[in-house]
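Sequence unavailable; structure follows:
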């Protein structure tokens, strides 16, 4: 019984650490249909970037901008 309690605690600890890591992620938004398609790791730069990526909703390559 003690072993199961330890595993549950360890599992919640991993989820809490994932929430801290989520702060470094940025969402890429399609400029045409405004759908949120991609998540990328955010660097320390304060400028927002644009990338040409494939949009599943538009079914073509469009410019994706970093969201807020």
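That came through, no problem. Keep in mind that what you see is a predicted model, and the values were worked out from it rather than measured.

Sketch out the low-pLDDT regions of this structure for me.
Residue ranges of the chain with pLDDT under 70: 1-23.

Can you show me the helices along it?
Under the criterion DSSP state H, the chain contains helices at 2-21.

and the residue nearest to residue 32 when sequence neighbours are not counted, what are its bridge partners?
Counting by C-beta to C-beta, 6 or more residues apart in numbering, residue 32 lies nearest to residue 62, which is 5.1 Å off, once chain neighbours are set aside. C-betas here are computed from N, CA, C, even on glycine. Here residue 62 sits in beta bridges with residue 53, going by DSSP bridges.

How about residue 36?
Bridge pairing for residue 36 (DSSP bridges) gives the partners residue 29.

contacting residues around it?
Listed by C-beta atoms under 8 Å, 6 or more residues apart in numbering, the contact partners of residue 36 are 27-30, 67.

gap between it and residue 44?
Using C-beta to C-beta, to the nearest Å, one gets 23 Å for the distance from residue 36 to residue 44.

OK, contacts around residue 32?
Contacts of residue 32 by C-beta under 8 Å, 6+ apart are 55, 58, 62.

Can you tell me which of these is closest to residue 49?
residue 62 (14.8 Å; C-beta to C-beta).

ok so, going back, and the buried ones among the contacts of residue 32, selectable in PyMOL?
Command for PyMOL, covering only those of these found buried under the criterion 16 or more other C-beta atoms under 10 Å:
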select buried, resi 55+62
